[in-house]
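Enquirer: sequence first, predicted model second:
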Amino acid sequence: IPLIIALLGCIIAGTWDLFTTDIPDEVSESMIVLGIFYWAIKSLQVESLKPLLISLTIGILFLLFGYILYKTGQWGGGDAKILASLGFLLPFFGNMQYFPLNLIINVFAVGSVYVIIYSLLLGISKNIFPKFFEDIPKISFVLSIILIISGFFIPNRELSILVVLFGFLILFWYYAKTIEKYIFTRRVHVSKVKVGDVLFSSKEWEGITKEELDKLKKGKKKYVKIKEGIRFGPVFFFALLFTILYGNLLFLIL
C-alpha cells in the first residue's frame, strides 16, 4: 500500500511539475499523512511502536535534508516535501538493506542523468549551442577536448574514465551557465510577473505570493529579473522505481 501511494504520488507530482513548474503541497502533504496513518495502524497490529517510530525518524531526516537543499537554493520547496513524503511512506522496503540511503543516492544519481538529458533537449529546442560556443573560453574548450581524447589512451581503466568525465564536466559546467543566462533568467516588466514566479534575487526556490506581488507592483521598479530551473519532479518516480528494482545505482555501476 505505501509503495502504490508513493508511486502514484510521484507520478502526479512529476507530471504537475513538468507542466506548471510547481508541485502542489496537497500532493506531498497527503502522502505524508497517509504514510504516518499507515504505519500507525501497522504499529497497532503488531503491538509495537517500532514501525511508526521508524517512519517518523526517516521522514523527519528526509525533511531536514530536503530543507537544507531548499534553504541553500538547490531545490524547490515542493521537491523537499516529496522527498520527505517518501521517507514517511517507505522508511524501509522488504529485506533491502539501507533502503533510505539507497533512495537518497539514487535521487542524485538518476537526477544527474535527468539534468543532463533535460538540459541537452532544452538547448536543442532553444538553439542555444551557438551562444554556448560564443561564451565558453577557447582555452577551456580546447582543454576539455584534449582531456576527453587523451582519456581513451590511458591504460588504467579507472583513471581514463575519471579523465574523460572531468573533460565532460568542464564542458557541461559552461553549458549549464549558458542555459541559466539565456533561458532560465528573464527580464520582464513588473506587470507581467505572475504569482508563483521566482524572483532572481530570491535565494530560495519559492514563488512570489499574491501579497508580495501586489507590493512589488506598487513599488518604483518597472522591470525585474525572474528565474526558472530544471523541473526536477519526475526524478523522484524514476529514482524510487530504480531503487525498488535494482537497489543502489552507484553500487551497481561499480
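Expert: Yep, it's here.
Enquirer: any buried residues in the helix or strand containing Cys10, and which?
Expert: Per DSSP states H and E, Cys10 falls inside helix 2-20. The neighbour-count check on helix 2-20 (16 or more other C-beta atoms under 10 Å) flags 2, 5-7, 9-10, 12-14, 16-17 as buried. No exception for glycine: its C-beta is placed from N, CA and C like everyone else's.
Enquirer: and stretch 192-207, by the same measure?
Expert: 193, 197-199, 205-207.
Enquirer: could I have that stretch exported to CSV, CA atoms only?
Expert: The C-alpha trace of stretch 192-207 is given here as CSV (Å, rounded to 0.1, in the frame of the first residue of the first chain):
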residue,chain,number,x,y,z
LYS,A,192,3.9,40.6,-16.4
VAL,A,193,5.1,39.0,-13.2
LYS,A,194,2.7,36.2,-12.0
VAL,A,195,2.0,34.6,-8.7
GLY,A,196,4.5,31.7,-8.4
ASP,A,197,7.3,33.3,-10.5
VAL,A,198,10.6,33.1,-8.7
LEU,A,199,12.5,36.4,-8.5
PHE,A,200,16.2,36.3,-9.5
SER,A,201,17.1,38.0,-6.2
SER,A,202,15.5,35.2,-4.2
LYS,A,203,18.0,32.8,-2.5
GLU,A,204,15.3,30.2,-2.2
TRP,A,205,13.3,28.5,-4.9
GLU,A,206,10.0,29.9,-3.7
GLY,A,207,7.4,31.5,-5.9
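Enquirer: next one: the helix holding Cys10 to chain centre, how far?
Expert: Computed by C-alpha atoms, centre = their mean, to the nearest Å, the chain-centroid distance of helix 2-20 equals 14 Å.
Enquirer: where along the stretch 151-254 of the chain do the strands fall?
Expert: 185-189, 198-199, 223-227 (DSSP state E, counting those that start in this stretch).
Enquirer: against which helices or strands is the shortest one packed?
Expert: To tie it back to what came earlier, the one meant is strand 198-199. strand 223-227 (3 or more C-beta pairs under 8 Å, 6 or more residues apart in numbering; DSSP states H and E).
Enquirer: contacts for the helix holding Cys10?
Expert: 22-24, 27-28, 30-31, 34-35, 38-39, 78, 82, 85-86, 89-90, 93, 231-237, 240-241, 244 (C-beta atoms under 8 Å, 6 or more residues apart in numbering).
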